[in-house]
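# Pasting the sequence and the predicted model now:
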Amino acid sequence: MFVHGVRIRARKRREHLAILRLAARSEPGSPGTLWLAHDRPLAFSLAGRPGVVVATEGLVRHLDRPAVDAVFAHERAHLAGRHHLLVATAGAFRAAVPFLPLFRQSPQAISELIELAADVAAVRHCGRAAVRSALQAVSSHGSPSTSLAMAQHGVDMRMVRLRSGPPPPGKLRRMASCAMAGMTAVTLPFLVGTGLLVGLALFSCPAPL
């Protein structure tokens, strides 16, 4: 179930990216950015080889330059940090073992955590005011389920942090490490146990003739 969920998400991502490459335009010298002819200010990132940032022309029409730069810094932080993989892994575990509260709740918690991390990266490059302005203006409606959009998770909490000051990078790094360590501590026994059960079943059951 876990591997099946990962494969489904990867296939959907490839399909979304293929459609977007047909509908969008790219600028010379910026192969990692796809532009859509739409007036609503929107941007999101899709993992891949390489990953891309998808943005609408409305982004540059309705936001000033510092806010546009903040949007791109935020989305590129998702790609650089391989945040899509974290979200996909959490979602696959939720689908595989939905009866465990940890796995039911982890996708939302991890999504909010990585948005905070991307905000911190954007603040480092563009300043808090630009990130706050970008978050207020950017819409997340219409982005694919396999993408990460700036205004998709924990917007109210992040606005409060951007007004009062984001947590320092070191604290966020510790939070992320603790989250991953917690997931590993719980999931590793599950995976090992599953592997042992499968191996035992293959060893014990005679192969059909």
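Ah, there it is.
# Need phi/psi at P41.
phi -70, psi 110 (degrees, to the nearest 10).
# Look at it and say how many residues are nearby.
Neighbourhood size, P41 [other C-beta atoms under 10 Å]: 23. From N, CA and C alone the C-beta is placed, and that goes for glycine too.
# Partner strands of the lengthiest strand in the chain, with direction?
Ranked by residue count and defined by DSSP state E, the top strand of the chain is strand 30-36. Strand 30-36 sits in its sheet next to strand 25-27 (antiparallel), strand 52-56 (parallel), going by DSSP bridges.
# buried ones in that strand?
Buried residues in strand 30-36, defined by neighbour count with 16 or more other C-beta atoms under 10 Å: 33-36.
# Can you lay out those as TSV showing distance to A80 and pLDDT?
Formatted as TSV, those follow (distance: C-beta to C-beta, whole Å; pLDDT from 0 to 100):
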residue	distance to A80	pLDDT
T33	15	86
L34	18	87
W35	21	89
L36	23	88
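# For H125, state which of those residues is nearest.
T33 (16.1 Å; C-beta to C-beta).
# Confirm for me that that closest one is in contact with E27.
Yes. Using C-beta atoms under 8 Å, T33 makes contact with E27 at a distance of 6.6 Å.
# residues near the closest residue to A80 other than its chain neighbours, how many?
Using C-beta to C-beta, 6 or more residues apart in numbering and skipping the chain neighbours, the partner closest in space to A80 is A121 (7.8 Å). Neighbour count of A121, defined by other C-beta under 10 Å: 20.
# which residues do T33 and E27 both contact?
When C-beta atoms under 8 Å, 6 or more residues apart in numbering defines a contact, no residue borders T33 and E27 alike.
# what about this structure, any weak spots by pLDDT?
Counting by pLDDT under 70, the chain shows low-confidence ranges at 1-24, 28-31, 140-142, 144-146, 165-209.
# where exactly do the helices run in it?
For the chain, the helices defined by DSSP state H cover 2-23, 57-62, 65-80, 83-96, 101-126, 128-137, 155-164, 169-204.
# Between its first and last residues, how far does stretch 45-52 reach?
Using C-alpha to C-alpha, to the nearest Å, one end of stretch 45-52 lies 6 Å from the other.
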